[in-house]
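Colleague: quick one: sequence plus predicted model below, questions after.
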Amino acid sequence: MATMVNVAVEETSSPAQLGLPYSMPTEPTDRSLLVFAGNSNVPLAREICRFLDIAPGKALVTTFKNEETRVRIEENVRGADVFVVQSTCSPVDHNIMELLLMIDALRRASADRVTAVIPYYGYAKQEKKTAGREPISARLVANLITTAGADRVVTMDLHAPAIEGFFDIPVDHLRANPIMADALRRRLQHNDVVVVSPDSGGVARANDFRLRVGGRLAIIAKQRPQPDMAEVLEMVGDVRGKTAVIVDDMISTGGTLIEAAETLLGRGAHDVVACATHGIFAGGATDLIQRSRIREVLITNTIPLADASQRDKIYQVSVAPLLAEAIRRIHRRESVSALFT
């Protein structure tokens, strides 16, 4: 029988305990702060509200019998600074529609400002055309969110940073590296590590992670012959006798991760640990990881982990303190980028 997922050690930690910059607000605001949640990740939204010391906003977000989404805001939001927490994870299209309708409802109810807090941004892999007659889906989703009436977007570890430019409104792009690196340091048995980027596009992320945990950097070169499939071509760096830490933004099918781990073990790595912000775990990804030689996988709770996906190799780290502090700073008109300096 599968073992339940470990409880996230960061869940009850304060921003200060996690090393996040925190100070008392320096500029007062007369707007009330309200946080509403769609159905995609209610536990994360509630945890964010606990750190902000506020109650979650009251809203009815459900489905009519004809399968159309139904939204009704059940408290006064006139003149308020409103944040809507909704990861656009599976079921992706339904969760996007919930987000759009909530934004529209809040705008029509005269909220002063509506910020879409999207811990995981769906369609992020479709940020460019890879063949003729294809859409740029990530851009279309950005247009929909803006058209619905969002004034600002908060998101985390976009698969393609260029997606920020798809929006004509401010975007606060948060990084999970500080929290993930802190969690890994607590769990490592020794400091003899090599941080590995699973592709050339993730080198900057992996190097930032390396600076936080120490060790050297290695890079795996791969190609994608078709969607959701990758082939390892070559590796740069020495991992012999060391703990290899693969750092990526998401784990989808798990195939790329497992192939990278086998490459590292074949090059003499002592063991392999993986760190990823978004645990999508499509199909039977968790079963593949459970049967693999990967020792442990660290993910955040930007996407809720379904009961069927819980395994003893998967460890969740909460990003609620980071999101709550970002919301607090936006509400108080303070710097968000200072969280990562």
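Modeller: Structure's in. What do you need? Numbers count the residues shown, from 1 in each chain.

Colleague: number of nearby residues for T62?
Modeller: For T62, the count of nearby residues is 11 (other CB atoms under 10 Å). Quick note: C-beta positions are derived from backbone N, CA and C, even for glycine.

Colleague: show me what contacts the spatially closest residue to it that is not a sequence neighbour?
Modeller: Sequence neighbours aside, R70 is the residue nearest to T62 in space, at 5.1 Å (criterion: CB to CB, 6 or more residues apart in numbering). By CB atoms under 8 Å, 6 or more residues apart in numbering, the residues touching R70 are 60-64.

Colleague: so which of the residues you listed wins on neighbours?
Modeller: Sorting those by how many neighbours each has (other CB under 10 Å) puts V61 first, at 21 neighbours.

Colleague: and that one, bridged to which residues?
Modeller: V71 (DSSP bridges).

Colleague: what residues does F36 make contact with?
Modeller: F36 makes contact with 45, 56-57, 59, 73, 82-85, 102, 106 under the criterion CB under 8 Å, 6+ apart.

Colleague: top of those by number of neighbours, please.
Modeller: Going by other CB under 10 Å, V85 tops the contacts of F36 with 30 neighbours.

Colleague: thought that one was touching L44?
Modeller: Yes - V85 is in contact with L44 according to CB atoms under 8 Å; the separation is 6.7 Å.

Colleague: who touches both of these two?
Modeller: Here V85 and L44 share the contacting residues 119, 323, scored by CB under 8 Å, 6+ apart.

Colleague: any idea how far the residue nearest to N143 when sequence neighbours are not counted is from D199?
Modeller: Nearest residue to N143, sequence neighbours excluded (CB to CB, 6+ apart): F166, at 7.6 Å. F166 sits 22 Å away from D199, taking CB to CB, to the nearest Å as the criterion.

Colleague: so where do the strands sit in this structure?
Modeller: Using DSSP state E, the strands found in the chain span residues 33-37, 59-63, 69-73, 81-85, 113-118, 152-156, 171-174, 193-197, 216-226, 229-236, 243-251, 271-279, 296-300, 314-317.

Colleague: so for the longest one, what's the average pLDDT?
Modeller: For strand 216-226, the per-residue pLDDT values average out at 80.

Colleague: how far away is N39 from V84?
Modeller: From N39 to V84 the distance is 12 Å (CB to CB).

Colleague: what sits against R46?
Modeller: 37, 56.

Colleague: mark out where each domain of the chain begins and ends.
Modeller: Domain assignment for the chain by automatic domain parsing gives 33-175+321-340, 177-318.

Colleague: quick revisit: specify which member of the contacts of R70 is nearest to R175.
Modeller: Lowest distance from R175 to these (CB to CB) belongs to V61, with 28.7 Å.

Colleague: am I right that that closest one is in contact with A45?
Modeller: No - the pair V61 / A45 is not scored as a contact, 11.2 Å apart, by CB under 8 Å.

Colleague: show me the shaky parts of the stretch 1-150 of the chain.
Modeller: Residue ranges of the stretch 1-150 of the chain with pLDDT under 70: 1-30.

Colleague: fine by me, thanks again.
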